[in-house]
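Asker: Sequence first, then the predicted structure, then my questions.
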Amino acid sequence: MKKFVMKKNIIILLLVGLAVSHTFAQPNNNKIVSLAMVKNGSITLRWVPASIPIWQMGNKYGYIVERYTIARDGNFIPDGLSKGTLLTPLPLKPLSNEAFEKLSQNDNRASVVQEAIYGNVIQSPADDFKAFMKTYNDVETRFGFALFMCDLSPVIAKAAGLQYMDSSVLANERYAYSISLVKTPEGLVVQPSVIVVDADKLSKLPKVIDVKAIFLDKTTKLRWPVDLHKGIYSAYILEKSTDGNNFAPVSELPLVTVSEKEASEFFVYTDSLKRNGEQTWYRVKGVSPFGENGPASDPVSGKGVPEFSAYVSIDTAEVIENKNIIIRWRVTEPKPGLVKGIIIEKSSKPDGPFQALNSKPLPPAIRSFTDLKPFISNYYRINLLATENRKSTSFIYLVQTEDNDPPAAPQMLSGKVDSSGIVTLAWRANSEPDLAGYRVYRANASHEQFVRRGRDLITTNRFRDTVNLNTLTRKVYYTVVAVDKHYNNSEYSLSVELTRPDTIPPAPGVITMLTTENDIVTLKFESSPSDDIEGYRLFRKGENDSLKVKVDSWKTLPGTYEDKPPVGSIRYNYILETFDNSGNHAYYCRNLLVPAGEQAVPELKIIPGNNHKTVILSWKFPAGFVPQKTFIYRGKEKNPPGILSTLEGAQDSYEDTTMEINTIYTYRIRMVGKNGASLPLSKVVSNEVKINR
C-alpha cells in the first residue's frame with residue numbers, strides 16, 4: 001500500500017509541474033544554503049544542501065548548528081564571532097526508516113522523503129553510460145522531490161534533518177548562525193552556511209501582487225510575478241471560486257515553476273473552465289520554504305468566451321485626387337453572426353499609436369471606408385468586434401499619397417567650435433509629420449560652395465563635426481537642409497558663421513639692435529605684423545641665472561628702450577615675448593656681453609675701532625645685486641693683499657681684530673652674486689694710522 005501512495009504522489013507532482021531544482025538550492029555547488037524565520041521568542045532555520053553529494057553526506061553524518069551573539073542592544077560585541085554556542089550536541093540527521101514509516105501513516109508526503117532517502121537505487125555498470133544516466137536521473141529526481149516536500153511541511157523538513165528551531169533567543173540581540181556538515185570526505189571542501197538574524201525583526205510574508213487573468217474559450221490563462229518573491233516563496237497555491245467567497249485549490253499540491261530559466265519573472269498557469277459565460281474568481285497564495293502560506297492576493301475574475309475565429313484582411317486601397325483614400329477589405333467568418341461591428345484605425349507609423357477613424361462601429365456587412373483626411377504615409381488596420389470584448393485585427397496596410405511639397409528650411413541654426421576642433425551644431429526641429437531627416441553642409445568661406453558632411457540622413461536636430469585648427473582660415477560656415485520621406489529637399493537654412501579657436505602663434509616682434517654704452521643697454525624693436533596682437537613683454541636672463549626677470553611690458557611695442565643690468569662682466573639674454581588675444585605666444589631672443597662699469601664697483605669705507613685696536617669695514621652693493629659671497633682682501637705695508645676672510649650672504653660690514661702694532665694695512669673687497677655674477681674689486685682703503693698697544 002505504501003508504494004502505491006508513493007507513486008500516486010509522484011504522479012501528482014508531475015501533473016502540477018514540479019521542477020527538480022529547488023527554489024533556493026543551487027545544484028553542483030559544494031555548499032549549504034539557508035533561510036531564517038523570526039517569530040516571537042524563536043528563530044527557525046531552514047537549509048538545503050546545494051548538490052546531491054552534500055545531501056547524501058548530510059543524510060549519512062548529519063548537520064551541526066552553532067550560534068554566535070554578535071550584537072546586543074544595537075552595540076557590536078567585538079569577540080562575538082569567537083565565542084560560539086553549539087545548539088546541536090547531537091547532529092541533526094533524518095529520522096530512521098522506521099520513524100518515517102510511522103510518520104507517513106498520517107502524512108503521505110513523508111513517504112516521498114522516505115523513499116528518496118532510504119529507497120533502493122539501481123546501481124549501473126561503470127561502462128554502461130545509458131544505465132549510468134538513468135541512475136543519475138533517478139537520484140536527481142529523489143533529491144528534488146525530497147526538498148520540495150520539506151518546503152511544504154515543517155514537520156517533514158525537521159524529519160529530514162533540514163530544519164531547526166532556536167527557542168533560547170532574546171529580542172535585543174543579533175545572531176550569526178553557522179550550519180555545517182559533521183563530516184566530509186577527504187579532498188571535498190563544503191562551504192557552511194552563515195546567516196545573520198535580528199531576533200526583533202519578525203518575519204512577515206507578503207501578499208502576491210499583480211495577478212493577471214485572460215479568459216478564453218473554456219480556458220483561463222493566469223500570470224503573476226515570482227521574481228519579487230525569490231527566496232520568500234518556493235511554491236504557490238492557486239485558488240478558484242464560482243461565487244467570489246468560497247475558494248478551493250485548483251490542484252492537490254502547490255504549484256512550482258517548470259521554467260528552466262533561473263531568472264524567470266512570471267509564473268504562468270492555464271486552468272480549464274466547465275462552461276463559458278459563468279463568472280469565475282481566482283486568487284494566489286505563496287508557500288514559504290517553512291511550509292507557511294502567505295496572505296491571499298486580490299482576486300481576479302471574468303467569464304469564459306467562445307473562440308472568435310473570424311478574421312479580416314485589407315484587399316485594396318485607392319487614392320482619389322490625392323485628397324481621399326478608399327480602403328476595401330474582405331472578412332472570413334466560419335460561423336455567421338460572429339462579427340458585431342467594424343472599427344477602422346490609422347497611424348502615420350507602422351508601430352503606432354493607432355487612432356480610430358469611426359467613432360461608432362460600422363455594420364458587419366460594410367466592406368469599404370473612405371478616409372477624408374489622409375496623411376502622406378497612412379498605415380491602416382481593421383478590427384472585427386464580437387461579444388465579450390473579443391476582436392480580430394488585420395495586418396497593417398500602407399497607403400501613401402503624392403507629396404511634392406518640401407519641408408520648411410530649418411530655423412535657428414547655431415553652433416560652436418571648441419579648443420580641440422569639435423564642432424557642435426543645433427537647430428529647431430522641423431514639425432512635418434513625414435520628415436525623414438536632415439543634411440548638413442560646410443564651407444570655409446561664405447562665397448564658396450557648401451559641401452555635404454556625411455552620407456546618411458541625420459535623424460536628430462543636433463550634429464557634431466571636426467575641423468582643422470592648424471590653418472590660417474579663421475572662419476567656418478554651416479547650413480542645413482530638411483528632407484521628407486518622399487525625398488523633397490527644403491531650402492538651405494541661413495548659414496551660421498563659426499570662429500575656429502586660434503592655436504597658431506603670432507609672428508614675433510623683433511629686437512633689431514642691441515648695444516651697450518656706459519652700463520646702459522639700448523634695444524631697438526620692430527613690431528609684429530600680425531593683426532591680433534594683445535601685447536609684448538621683455539625679459540632679461542643672465543648667463544648663470546636659472547630664471548628670467550621681467551623688465552617691462554607694453555600694449556604697443558616702443559621703437560627704442562634702455563635697460564641698466566644690475567651686474568656687469570657677464571652675458572645677458574634679452575627675450576621679447578609677443579602674445580595675441582587668443583593666448584598664443586611667440587618669442588624672439590638676442591644676447592650681448594655687458595662690461596663692468598663704475599656703478600658696479602662696491603663703495604668700501606674704513607672706520608677706526610675702539611682704542612684704534614681694530615678697524616671696521618663697511619660697504620654698499622649696487623641696487624638689484626644680491627651677493628652670495630663677499631671676499632675680504634688685506635695687504636700689509638707694501639706687501640700684496642691676500643684673502644683675509646670670506647663672508648656668506650648679503651653682509652655689509654666686517655671688523656678686523658687681528659691687526660699688529662705700528663702696522664699700516666690696505667683693504668679691498670670683491671662680491672659674487674647668487675647666479676655666479678662677480679662685481680669688480682673695490683678701491684683700496686687703508687687704516688693710515690699705526691696702532692700702538
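Answerer: Nice, I can see it.

Asker: where along the stretch 1-150 of the chain do the strands fall?
Answerer: Assigned strands in the stretch 1-150 of the chain, in chain order: 32-39, 42-49, 63-72, 75-76, 84-86 (criterion: DSSP state E, counting those that start in this stretch).

Asker: Tell me which of these is the most buried.
Answerer: Comparing the strands of the stretch 1-150 of the chain on average neighbours per residue, with mean count of other Cβ atoms under 10 Å, the densest one is strand 42-49 at a mean of 23. To be clear about C-beta, it is placed using only N, CA and C from the backbone, and glycine gets the same treatment.

Asker: That one pairs with which strands, parallel or anti?
Answerer: Strand 42-49 pairs in its sheet with strand 32-39 (antiparallel), strand 163-166 (antiparallel), by DSSP bridges.

Asker: need the strands of the stretch 1-150 of the chain in CSV with mean pLDDT and distance to Ala160, can you?
Answerer: Shown next, in CSV, are the strands of the stretch 1-150 of the chain (pLDDT from 0 to 100; distance: least, Cβ to Cβ, whole Å):
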stretch, mean pLDDT, distance to Ala160
strand 32-39, 93, 14
strand 42-49, 94, 10
strand 63-72, 95, 11
strand 75-76, 92, 36
strand 84-86, 92, 21
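
Asker: Give the bridge partners for Leu604, please.
Answerer: Judged by DSSP bridges, the bridge partners of Leu604 are Trp619.

Asker: Tally up the residues packed near it, please.
Answerer: Under the neighbour criterion other Cβ atoms under 10 Å, Leu604 is assigned a count of 18.

Asker: List the buried residues of stretch 158-175.
Answerer: Neighbour counts using 16 or more other Cβ atoms under 10 Å place 158-164, 166, 169, 173-175 of stretch 158-175 among the buried residues.

Asker: make that stretch 300-320, sorry
Answerer: 300, 302, 304-306, 308, 310-312, 314, 317, 319.

Asker: pLDDT added to these, as a markdown table?
Answerer: Output for these, formatted as a markdown table (pLDDT from 0 to 100):
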| residue | pLDDT |
| --- | --- |
| Val300 | 96 |
| Gly302 | 93 |
| Gly304 | 90 |
| Val305 | 86 |
| Pro306 | 84 |
| Phe308 | 87 |
| Ala310 | 92 |
| Tyr311 | 91 |
| Val312 | 94 |
| Ile314 | 96 |
| Ala317 | 95 |
| Val319 | 94 |
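
Asker: Show me these that map onto strands.
Answerer: Among these, the ones falling in strands (DSSP state E) are 300, 302, 311-312, 314, 317, 319.

Asker: Which of the residues you listed sits closest to Leu498?
Answerer: Nearest to Leu498 among those, counting by Cβ to Cβ, is Val319 at 45.1 Å.

Asker: Tell me who's in contact with that closest one.
Answerer: Shown in contact with Val319 (Cβ atoms under 8 Å, 6 or more residues apart in numbering): 325, 374, 399, 401-402.

Asker: Just the buried subset of the residues you listed, written out for PyMOL, thanks.
Answerer: Restricted to buried positions by 16+ other Cβ under 10 Å, the PyMOL selection for these reads:
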select buried, resi 325+374+399+401
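
Asker: Pipe the contacts of Val319 into TSV and attach distance to Asp73 and pLDDT per row.
Answerer: Conversion of the contacts of Val319 to TSV gives the following (distance: Cβ to Cβ, whole Å; pLDDT from 0 to 100):
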residue	distance to Asp73	pLDDT
Ile325	78	96
Pro374	76	92
Val399	76	94
Thr401	79	88
Glu402	83	85
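
Asker: Now intersect the contacts of Val319 with the strands, please.
Answerer: With DSSP E as the criterion, strands contain 325, 399 from among the contacts of Val319.

Asker: can you put the contacts of Val319 in JSON lines and add distance to Leu362?
Answerer: Below are the contacts of Val319 laid out as JSON lines (distance: Cβ to Cβ, whole Å):
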{"residue": "Ile325", "distance to Leu362": "16"}
{"residue": "Pro374", "distance to Leu362": "18"}
{"residue": "Val399", "distance to Leu362": "18"}
{"residue": "Thr401", "distance to Leu362": "23"}
{"residue": "Glu402", "distance to Leu362": "28"}
